[in-house]
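>>> Generate coordinates for the sequence data below:
(chains A and B)
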Amino acid sequence: MIARRTVWCDPRVKDLVARFVPCADEVYGLQSGTGPECELFRKIAEQGHYAGRTKPSNTRQGTYAAAPSGRLLASVNSNDPARMARMLRDALAAWEKLPREERLLPGEPAANAENRLRWEQRYPADGLVLRVHTRDLPRAEDAAREGSAKDWRAAAWNQDFAWFTRDEARRLLPEDPAAGAARAVPESLVRRLARCHLLDDVRGQTSQFDERHVARARLESSVVRHEGNLVGVRLEGETRTSSEGKWRVHGLEERSVEKQSRGFEARLLGRAVFDLSAGRFVRFELLAVGTRWGGTQYNCRQDDLAPAPMGVALTLAGDSPAERVAPAFVWAYGWK
Amino acid sequence: MKTTIVVLGMAMFVSRGGADAQEAPGPQPASPPAAPELTDATFKPLLELIRPKPQELGFEEIRWRPTFWEAVLEAQRAERPVLVWAMNGHPLACT
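Next up is the predicted model:
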């Protein structure tokens, strides 16, 4: 996530990237899946910076420049734009030297050869797709307080997507959308929001909450305006998730598991506009603001476990290919 | 930005708990820490504060293909090298 700001915003890097066909993808599925796509990725990765590595983890995270044939050109796993630019230049030089017959896959690769189930196939084109952004909020004693980082963590933010099917989206407003009408959003949807999206991933990946960790999940929807086909809705509620147990919070450091707790208690407030003729939201803004505490193995909170303010913003996403990526915890939605 | 800071400052003053709230151990804070109050008045400044700023979204100016195979197919057709940014968690979602 750091690379979004440091590497991929760098103008030198962007100029070099323009000479490639760039893609972003989730590494675990690629390095452990089956089919031509995963086999090709493994072929590339096993020539790269983490080739053969098993400790401290077997991840093949990073950035790889390769010929479509699977020949590695260069690779690196770095948040340093200068290192990335150097790697890209090296890769382009290697590409220039590569004979054409070694650049390409033999024959035409099958368009449907991914051969693995991707949640993107469940993208709710006629439903509601939200961008989710998380960020720490200002703290009263920022200067003196432990955990108030001065490095990249001070301005950290993260993102995800949240999906609702057409039927689920319609249940976010009253059945009869007359001005003044109100309803409680189905608890299952609010609990899903709390479990899968109101999460502390500000500084890095975290885990979802289970159903048993949801202590409160309430969202009221009321119609504040109805003009023609447009229905203005106000959303208001609260959630509380809390989990206790033993787990690691120090990333890949070799430490024993310790007793931990984590959670997020938030107020929810939002406003949205639903177009009855289109059967979809044309505006949607929902905030969850409150107190988070604790950490998980990879969310970089090891020195910031005490309660502190955090915010989550959910806003309408576009429908470009890059905005059709599945939510991190879509598998925990309970969709059949 | 100045308005945002003033409004949030007021909200924090209204809602913050005792001075020791940040130090409270355990799963439930003994008194609430200084989370800004979420009201109609603070909604817009908080939304602006949480959402990334345009300068933080420069990575989106790159036309990332969202799957590796999609990029491979296109690179094969165009006879260009492919660049794969592969992370734990999809880099365009949550990583």
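
>>> For residue A:91, pull up the helix or strand it's in.
helix A:81-97 (DSSP states H and E).

>>> For that helix, name the packing helices and strands.
helix A:11-17, strand A:62-66, strand A:72-76 (3 or more Cβ pairs under 8 Å, 6 or more residues apart in numbering or on different chains; DSSP states H and E). No exception for glycine: its C-beta is placed from N, CA and C like everyone else's.

>>> So for it, mean pLDDT?
On average, the pLDDT along helix A:81-97 is 97.

>>> Pull the distance from that helix to the chain's centre.
Computed by Cα atoms, centre = their mean, to the nearest Å, the separation of helix A:81-97 from the middle of its chain amounts to 28 Å.

>>> Show me what the next helix or strand after that helix is packed against.
As assigned by DSSP H and E, the chain's next helix or strand after helix A:81-97 is helix A:100-103. Taking 3+ Cβ pairs under 8 Å, 6+ apart as contact, there are no helices or strands that helix A:100-103 lies on.

>>> rewinding a little: reformat the helices and strands packed on helix A:81-97 as TSV; add mean neighbour count and distance to residue A:140.
TSV is the format used below for the helices and strands packed on helix A:81-97 (neighbours: other Cβ atoms under 10 Å in any protein chain shown; distance: least, Cβ to Cβ, whole Å):
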stretch	mean neighbour count	distance to residue A:140
helix A:11-17	17	38
strand A:62-66	26	39
strand A:72-76	22	40
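
>>> Could you measure from residue A:183 over to residue A:194?
18 Å (Cβ to Cβ, to the nearest Å).

>>> ugh, typo on my part, it should be residue A:211
10 Å.

>>> do the same with residue B:84
34 Å.

>>> returning to that earlier point: ok, residue A:183 and residue A:194, which is more surrounded?
When residue A:183 and residue A:194 are compared on other Cβ atoms under 10 Å in any protein chain shown, the one with more neighbours turns out to be residue A:194, at 29 against 18.

>>> Let me see the domain layout of chain B.
B:1-51, B:56-95 (automatic domain parsing).

>>> Tell me the secondary structure of residue A:192, please.
helix (DSSP: H, G, I helix; E, B strand; the rest coil).

>>> for chain B, which spans come out with low pLDDT?
B:1-33 (pLDDT under 70).

>>> do that again at 50, thanks
B:1-7, B:9-26, B:30 (pLDDT under 50).

>>> What is the three-state secondary structure of residue A:134?
strand.

>>> Can you give me the pLDDT of it?
pLDDT at residue A:134 comes out at 98.

>>> Could you do the one 10 residues further on as well?
In the predicted model, residue A:144 carries a pLDDT score of 49.

>>> Then residue A:106?
Reported pLDDT for residue A:106: 89.

>>> Same question for residue A:184.
98.

>>> what's across from it in the sheet?
Under DSSP bridges, the beta-bridge partners of residue A:184 are residue A:220.

>>> that older thread, quick one: closest of the helices and strands packed on helix A:81-97 to chain B.
Checking these against chain B by Cβ to the nearest Cβ gives strand A:62-66 as the closest, at 4.6 Å.

>>> wait, residue A:123 sits on residue A:164?
No: judged on Cβ atoms under 8 Å, residue A:123 makes no contact with residue A:164 at a distance of 11.6 Å.

>>> More neighbours: which of the two?
residue A:164 (21 against 18).

>>> Next, give phi and psi for that one.
phi -140, psi 130 (degrees, to the nearest 10).
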